[in-house]
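> Any chance you could fold what I've pasted below:
(one chain, ligands or ions: 1)
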Amino acid sequence: MEQSYDLMQYIIKHDPNAITVLDKHLRYIYVSERFLKDYKLEEKDIIGKYHYEAFPDIPEKWRESHRRALNGEVTRSEEDYYEKADGSVEYTRWECRPWYLPNQEIGGIVLYTEVITERKQAEKHLQESRERYRQLFDNSPVVIWEEDLSQVREHLNRLKRQHKDLEVFFVNNPKEVINCFAKMKIVDVNDYSLDFYGAPSKAYLIEHAHQLFTQRAINNYIRILKAVADRKLYFRMEHETNTFNQGIKNVIIEIRIPEKYKETLTRVYVTTTDITKQKKTEEALRESETKFRTLFEGQSAIQLILDPETGMIVDANQAAADFYGWSVDTLKRMNVGDLRAHPSKKTLIELKKAIENGKAYFEFNNKRADGTFVDVEVFSSLVIIDGKKMIHNIVHDITEKKRAEREIVIAKEQALAASKAKSEFLANMSHELRTPLNAIIGFSELLHDTALDSTQKKYADIIVNAGESLLSIINDILDFSKIEANKLELFPEKLSLTQLIEDTLNLIRFKAYERGNRLFEELSGDIPKYVVADLNRLKQILLNLIGNAVKFTEKGTVTIKVHTLSIDSANQRVSLRFCVQDTGIGIREENREKIFEAFNQEDYSITRKFGGTGLGLAITNRLLHMMSSALTFESEEGKGSTFCFNLTLPFENE
Ligand code: ADP
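Numbering: from 1, shown residues only. Presented below is the predicted three-dimensional model:
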């Protein structure tokens, strides 16, 4: 007994489980080391001790088991837990059974306990992680399928043995491709797949997966099978798939053998990512790219695309190649500065300016492959190509335009110089002519007053008259050329208008009388007493108009009219209207335009009849122009003419 006691103690002590043997008062008799270890106890502290004293927090349910064991009952639990004094929960697996004395009486109880907290936790973690993965699997925004490849692999192996080139075999037997795919067993699909394919349920999707096959992509399906046959662990490609309700989608499919199946290669994860939108955008981009390419390349306008950083020609169209004489490829290796007639570093700086302002205009002198020079105008604008700032240049050949411009400038300069020289010559000539002429007139008058017979007197008169008319012509020419040469100046002075008109009429009175004309003047009463104007020039204007009126009227009337249009007292200025009206021959409709032109008369028959140079009205009008006015007239052939002009002049009443 003693020996068996020791043996028992030995067996219990070293049992790998936590074992406690209690007497019927629940005092410790034997404990296994595992028990001590699990509950962090020492043997010497425990033997003989009362169980509930060692574990005061033993729950009632267990105390109940102890009581039942003492009554001969066995209780156990595969998984139980109790809350420890520190609040943590310990999971256990236990058994509580009585032990018997040789006399069959119950000697006490044996407790087998196993702390399973760690295992429990591991299980919990595993469960959680499984759930997490499931969530990920179901909710990820890509289609994930798990497929069993065992059958298809066997089938492929068989085919491989029969056909040297599997690919060729599949190409020739497209039905076999579908047959192979039918052998791929879909094990699981994630929730997202339902949305993606428009399937009502996973079961439906798995059952009808063959409908997702598109005939068009048969070559892709062959590639997939080939990857499987070649025992690839990973395979990826662009692909397309049908759906149940959304038509064909562009996708990227990735096939991956999970770690666990790397040996057998019997399972795969197939992920399918939707790239329909990207594809559409790419397609649209390609289309617009092609469109713009065609526009750019086919355009007859010369176009260059430049890199603003380097000035390099990034692109050029055929029109540019034709124009410059270098091929498109050569142009693409050139810098825009190389196109300048005198290669210039400034080109780049100017181009950068284009970048800043978005748009710019230049004129350059360019050089062509054959060494000839061309003038070009360049319309530069900023464009973004592939996210990079570029300069788009449209080039126009303006060589002809430039040449014409240059010629016009030269011709204009020459004409101006010639006209000025002519006016200067005339001014000088007139001056030179007047001096001897004055002598001729003066001495003829003196001669006239000497003792001459009547014939001689008549000849002297003719010389004086001819001299005076020649002088008048020369004066006109002098005035005209002075005005043309911008040498004529106005000298305004205070003058009496009534006096001026009176003096002017007096000069013409005799001539009017000779031609049987009557002279009238109509001056309104509100004409200021004095005005400020160039007396001689104003007299010249009036004399010209009245002179013409008298000249072109016979036995009629000539009336000079002056009336006030407005008076600005504050600024002491008066606006006056002058008109010279006659009842003469009038001016023919078709000649109205030309009578203001220098040296132009209505027609030559009139010249012969009435004399004159055709300068009078031209001078009058130019003088009026200098006084900020202009001549107008109304005329009716055979009835008479009225020439008018307005003048705004300073006035004084005292
Ligand atoms: P001219 O020295 O020949 O008179 P003008 O320049 O004074 O030169 O006039 C140009 C022409 O205009 C005249 O030749 C004449 O044909 C026409 N003309 C000018 N004034 C009158 C007028 N009052 N009546 C008719 N014809 C006129």
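> Give the full set of residues in contact with residue 144.
By C-beta atoms under 8 Å, 6 or more residues apart in numbering, the contact set of residue 144 is 137, 189-190, 192-193, 269-272. For glycine as for every other residue, the C-beta is placed from the backbone atoms N, C-alpha and C.
> Which one of those residues sits in the busiest neighbourhood?
residue 189 (24 neighbours; other C-beta atoms under 10 Å).
> separation between that residue and residue 203?
10 Å (C-beta to C-beta, to the nearest Å).
> With residue 425 instead?
Separation of residue 425 from residue 203 (C-beta to C-beta): 114 Å.
> can you check residue 623 too?
Using C-beta to C-beta, one gets 111 Å for the distance from residue 623 to residue 203.
> What of residue 298?
57 Å.
> buried sites along stretch 166-177?
Neighbour counts over stretch 166-177 (16 or more other C-beta atoms under 10 Å) mark 166, 169-170, 176-177 as buried.
> average pLDDT across that stretch?
Taken as a whole, stretch 166-177 carries a mean pLDDT of 89.
> got a list of what residue 278 touches?
Taking C-beta under 8 Å, 6+ apart, we find residue 278 in contact with residue 250.
> Report the secondary structure state of it.
Of the three states, residue 278 takes helix under DSSP: H, G, I helix; E, B strand; the rest coil.
> With residue 238 as the reference, measure out to it.
10 Å.
> Give me the common contacts of the two.
With C-beta under 8 Å, 6+ apart as the test, residue 278 and residue 238 both reach residue 250.
> Wait, residue 258 touches residue 265, no?
No - with contacts counted by C-beta atoms under 8 Å, residue 258 stays clear of residue 265, the gap being 10.1 Å.
> Look at the two and report which has more neighbours.
Shown here are residue 258 and residue 265; by other C-beta under 10 Å, residue 265 has more neighbours (15 against 12).
> Assign that one to helix, strand or coil.
Per three-state DSSP, residue 265 ends up coil.
> what's it sitting at in phi/psi?
Backbone torsions of residue 265, given as degrees, to the nearest 10, read phi 60, psi 30.
> for the nearest residue to residue 58 once chain neighbours are set aside, what are its contacts?
Sequence neighbours aside, residue 52 is the residue nearest to residue 58 in space, at 5.9 Å (criterion: C-beta to C-beta, 6 or more residues apart in numbering). Residue 52 makes contact with 26, 58, 63, according to C-beta under 8 Å, 6+ apart.
> what do you get for residue 79?
91-93, 116, 120.
> Please type out the ChimeraX selection for whichever of those turn out to be buried.
Command for ChimeraX, covering only those of these found buried under the criterion 16+ other C-beta under 10 Å:
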select :91,92,93,116,120
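> Please name the residues that touch the nearest residue to residue 212 once chain neighbours are set aside.
Nearest residue to residue 212, sequence neighbours excluded (C-beta to C-beta, 6+ apart): residue 242, at 4.7 Å. Residue 242 sits next to 211-214, 248-249 when contact means C-beta under 8 Å, 6+ apart.
> let's see it at 7 Å
Going by C-beta atoms under 7 Å, 6 or more residues apart in numbering, residue 242 touches 211-214, 248.
> Can you flag which of those residues belong to strands?
Among the contacts of residue 242, no member falls in strands (criterion: DSSP state E).
> Poorly predicted segments of the protein, please.
Where the chain drops to pLDDT under 70, the residues are 1-5, 85, 345, 354-355, 598-613.
> Can you tell me the centre-most residue of it?
The residue lying closest to the centre of the chain (C-alpha atoms, centre = their mean) is residue 383, at 6.8 Å.
> Which of the helices or strands spans that one?
strand 373-385 (DSSP states H and E).
> any idea how far residue 53 is from residue 20?
In terms of C-beta to C-beta, residue 20 sits 13 Å off from residue 53.
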